[in-house]
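Asks: With the input below, show me the fold.
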Amino acid sequence: MHHDHGIVFVALSYAVAALAAWTALDLFQRIQDRDGRDRLPWLAVASLAMGGGVWSMHFIAMLGFDPGAPVRYEPGLTILSFLLAVAGTGSAFLAASRVQLGPARLPLAATAMGLAIALMHYVGMAAMRTAAAVDWRPGLVALSVAISIAASGAALWAAGRRTSVIWRTGAAAALGVAVAGMHYTGMAALVLEPTAAATPVDDMAPPLAIAIAIAAVTMLILLLALGASVAEQRSQLLDVIEAGGVGYWEIGLRDRTIRLSDRARALFDLPPGQATYPFDNPPWLRPENVAERSDALRRALAGEAPYDVEFRIGDGDRWVQAHGSLVRSRSGRPLKLAGVIRDVTDRRRAFADLEASERRQKLLINELNHRVKNTLATIQSIAALTSRKAASTEDFARQFQARLIALSETHNLLTARGWEQATLDELLAKEMRPYSSDQFRLDGAEVMLEAPQALAMGMVIHELATNAAKHGALSVDGGAVEVRWSGPDPAGLYALDWVEQGGPPVSAPTRSGFGSRLISTSVKGDLCGEAALDYAPDGLKVRMLFRTAAPRS
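Replies: Down below sits the predicted model:
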């Protein structure tokens, strides 16, 4: 008996098969990205999409089948064929997603799906009622089953690959051909023989109208499934973004509104609830950011550069960065400007601290250069003046070494305070440490000296102590030195008195020596004061007026 297929039905069946394949490829990714019970909803949706799509393709193709006699379908078997397609597809997807099944999972799943689809086809054929006896060509039946298994294997293999949209489009088109090819191979295996008595057939709607209705409903369901997948994928992406403390934003080019995620609103200190904001004057925009934002938007919308602007939030010192780029359609048409927003307060502070630090490691280097030069000049002066009074090379070495040690002791004090300050009592205590505690007395409040003044005062105290140990009160038992200081007076000057008692008789020197010249030079120079030495017979008395820092110009 002659039978034929309408070309419109063939086209509709292929379109449904290709869309079902595309949907299955996409939804299977959702299954693989889930664990445990989380994958069950997507497994159900993927099974309905693929199984229902294959069943719809079969039914649409059957509506286009013309055996030369009226045809109707038995409802029970028709429903059973649908359930077989959905259940077989679901079982195959579940098996293909289980890693523990090992390398055999794909062949097993392909066989299960292929057999279920083939069974769906032949059960659907068994539901057909027409005025003819049905028989089959075994070779073509076996070929259709083989095509079904091969098509299922290809679908599952393609679904497991994370590939580009272009590749997936080609794969869906090829799978649509394979699924439709399985159906029409099965139909070619059909042999119809007219019977003597025709089976009564109820009146029914035109087959083309039914086929178009089924195709439309099926495609709508498949598109809704794809929409749910895209929405879920977007939601998942936003969850990942916000879990990292980053917000999402986008600017629609049609409605010129800004949409913010919950995290983005929180970063902008905006109340929850509102999702869109005006493009021209958003509430977080400060006057000083208007020009920078306008220029960045212009360049980003023109595709010249990414959008990258930092905003100060509120009246505090918190900063956020909005970064994004232009999103285009596949044809290159601009769709929206989208990106992320994150808190960059710590980075701004780090850069500010780094800048301040660099200005400070530079200031210190300049200061070190200055101090090294001053120290070298001081050593040069000490060497020159010591050499004039030294009786021999050994005497020069001894005196020069002692004065360098005194200079070093003062450097140690300054180093302990970051080369910024030292106290007068620390300088005196270090210099008087070699002597018995009953040979000296220090009396005065704490006076802080800046580095140049501390170095000068340290050298002065060393010269006085050395002279007292060689010729004065510290050179004999019973001798003592009393050091008193006070100030500052209204002019900012401090007074220090060095008084020696109980030592050998003192007489004024016949000529100025190194010590007296160093004391006079140091006090007049860095200490910005003056010194008076009284060589009284009962002991040397020195009075110094000095400043703790150089006067500000």
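
Asks: show me where the stretch 51-200 of the chain has strands.
Replies: Remark: strands assigned in the stretch 51-200 of the chain by DSSP state E, counting those that start in this stretch are 65-66, 71-73, 128-130, 132-136, 190-194.

Asks: from the middle of its chain, how far away would the last one be?
Replies: Yep, that's strand 190-194 we're talking about. 69 Å (Cα atoms, centre = their mean, to the nearest Å).

Asks: In terms of secondary structure, what does it contact?
Replies: Applying 3 or more Cβ pairs under 8 Å, 6 or more residues apart in numbering; DSSP states H and E, we find strand 190-194 packed against strand 132-136. Using the backbone N, CA and C atoms, a C-beta is placed for each residue, glycine as well.

Asks: quick one on the thing from earlier: for L108, which of the strands of the stretch 51-200 of the chain is the nearest?
Replies: Closest to L108 of the strands of the stretch 51-200 of the chain, according to Cβ to Cβ: strand 132-136, at 26.8 Å.

Asks: in that closest one, what counts as buried?
Replies: For strand 132-136, a neighbour-count test (16 or more other Cβ atoms under 10 Å) marks A132 as buried.

Asks: For the stretch 1-150 of the chain, give me the ranges with low pLDDT.
Replies: By pLDDT under 70, the low-scoring segments of the stretch 1-150 of the chain are 1-6, 25-39, 66, 68, 96-104.

Asks: Reformat the strands of the stretch 51-200 of the chain as JSON lines; add distance to L545.
Replies: Formatted as JSON lines, these follow (distance: least, Cβ to Cβ, whole Å):
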{"stretch": "strand 65-66", "distance to L545": "122"}
{"stretch": "strand 71-73", "distance to L545": "121"}
{"stretch": "strand 128-130", "distance to L545": "124"}
{"stretch": "strand 132-136", "distance to L545": "126"}
{"stretch": "strand 190-194", "distance to L545": "125"}
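
Asks: quick one: which of those is nearest R328?
Replies: strand 65-66 (45.2 Å).

Asks: List the residues that contact the closest residue to V145 other than its chain neighbours.
Replies: Of all residues not flanking V145 in the chain, A118 sits nearest, at 4.6 Å (Cβ to Cβ, 6 or more residues apart in numbering). A118 sits next to S144, V145, S148, I149, M182, G186 when contact means Cβ atoms under 8 Å, 6 or more residues apart in numbering.

Asks: Next, the contact list for the third one, please.
Replies: The neighbourhood of S148, defined by Cβ under 8 Å, 6+ apart, consists of M113, G114, L115, I117, A118, H121, V179, M182.

Asks: before we move on, back to that, of the contacts of A118 - the most surrounded one?
Replies: Tallying neighbours with other Cβ atoms under 10 Å puts S148 at the head of these, with 30 neighbours.

Asks: Report the separation between that residue and P490.
Replies: S148 is 109 Å from P490, where distance means Cβ to Cβ, to the nearest Å.

Asks: Compare the contacts of S148 and tell me which is most surrounded.
Replies: The residue in these with the most neighbours, by other Cβ under 10 Å, is I117 (31 neighbours).

Asks: pretty sure it is in contact with F82, am I right?
Replies: No. I117 lies out of contact with F82 (Cβ atoms under 8 Å); the separation is 11.7 Å.

Asks: So which of the contacts of A118 are in helices?
Replies: S144, V145, S148, I149, M182, G186 (DSSP state H).

Asks: how close does the third one get to A85?
Replies: Noted for S148: a distance of 11 Å to A85, by Cβ to Cβ.

Asks: anything in contact with each of the two?
Replies: I117.

Asks: So E500 lies in a strand, does it not?
Replies: Yes. Counting by DSSP: H, G, I helix; E, B strand; the rest coil, E500 is located in a strand.

Asks: quick one: contacts for it?
Replies: Neighbour list for E500: A468, G472, A473, L474, G479, A480, V481, V506, G539, L540, K541 [criterion: Cβ under 8 Å, 6+ apart].

Asks: Got the confidence number for it?
Replies: Per-residue confidence (pLDDT) for E500: 95.

Asks: and which of the contacts of A118 is nearest G515?
Replies: Closest approach between the contacts of A118 and G515, by Cβ to Cβ: I149, at 110.2 Å.

Asks: Quick check: that closest one vs P107, distance?
Replies: Relative to P107, and taking Cβ to Cβ, I149 is found at 9 Å.

Asks: Ok, S516 next?
Replies: S516 is 107 Å from P107, by Cβ to Cβ.

Asks: Of those two, which one has the most company?
Replies: Counting neighbours by other Cβ under 10 Å for S516 and for P107 shows that S516 has the greater number, 16 against 13.

Asks: For the stretch 201-350 of the chain, just list every one of the strands.
Replies: Going by DSSP E, counting those that start in this stretch, the stretch 201-350 of the chain shows strands at 247-252, 257-260, 276-278, 307-313, 318-328, 334-343.

Asks: Nearest to L428, out of those?
Replies: Of all the strands of the stretch 201-350 of the chain, strand 318-328 comes closest under Cβ to Cβ, at 50.9 Å.

Asks: Please dump the contacts of E500 into JSON lines; it should also carry pLDDT, distance to G529 and secondary structure for every row.
Replies: Listed next are the contacts of E500 as JSON lines, based on pLDDT from 0 to 100; distance: Cβ to Cβ, whole Å; DSSP: H, G, I helix; E, B strand; the rest coil:
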{"residue": "A468", "pLDDT": "84", "distance to G529": "21", "secondary structure": "helix"}
{"residue": "G472", "pLDDT": "87", "distance to G529": "23", "secondary structure": "coil"}
{"residue": "A473", "pLDDT": "90", "distance to G529": "24", "secondary structure": "helix"}
{"residue": "L474", "pLDDT": "83", "distance to G529": "25", "secondary structure": "helix"}
{"residue": "G479", "pLDDT": "89", "distance to G529": "27", "secondary structure": "coil"}
{"residue": "A480", "pLDDT": "93", "distance to G529": "25", "secondary structure": "strand"}
{"residue": "V481", "pLDDT": "94", "distance to G529": "21", "secondary structure": "strand"}
{"residue": "V506", "pLDDT": "89", "distance to G529": "24", "secondary structure": "coil"}
{"residue": "G539", "pLDDT": "93", "distance to G529": "22", "secondary structure": "strand"}
{"residue": "L540", "pLDDT": "94", "distance to G529": "19", "secondary structure": "strand"}
{"residue": "K541", "pLDDT": "95", "distance to G529": "17", "secondary structure": "strand"}
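
Asks: Contacts only, for the closest residue to P505 other than its chain neighbours.
Replies: Nearest-residue entry for P505: P537, 5.2 Å, with adjacent residues in sequence omitted and distances by Cβ to Cβ, 6+ apart. Neighbouring residues of P537 by Cβ under 8 Å, 6+ apart: P505, V506, S507.

Asks: How many neighbouring residues does F396 have?
Replies: 16.

Asks: quick one: which helix or strand includes it?
Replies: helix 393-416 (DSSP states H and E).

Asks: any idea of the mean pLDDT in that helix?
Replies: Helix 393-416 carries an average pLDDT of 75.

Asks: ok, now stretch 291-299?
Replies: Average pLDDT, stretch 291-299: 87.

Asks: contacting residues around it?
Replies: For stretch 291-299, contacts defined as Cβ under 8 Å, 6+ apart pick out L285, A305, Y307, D308, V309, L337.

Asks: and if we set it to 6 Å?
Replies: Where contact means Cβ atoms under 6 Å, 6 or more residues apart in numbering, the residues beyond stretch 291-299 that reach it are A305, Y307, V309.

Asks: Ok, stretch 73-87 next?
Replies: Stretch 73-87 has contacts (Cβ under 6 Å, 6+ apart) with 47-48, 51, 54-55, 116, 119-120, 123-124, 126-128.

Asks: now do 8 Å
Replies: Here stretch 73-87 has contacts from 47-48, 51-52, 54-55, 58-59, 62, 116-117, 119-121, 123-124, 126-129, using Cβ under 8 Å, 6+ apart.

Asks: List the buried residues for it?
Replies: For stretch 73-87, by 16+ other Cβ under 10 Å, it's Y73, L77, T78, L80, S81, F82, L84, A85, V86.
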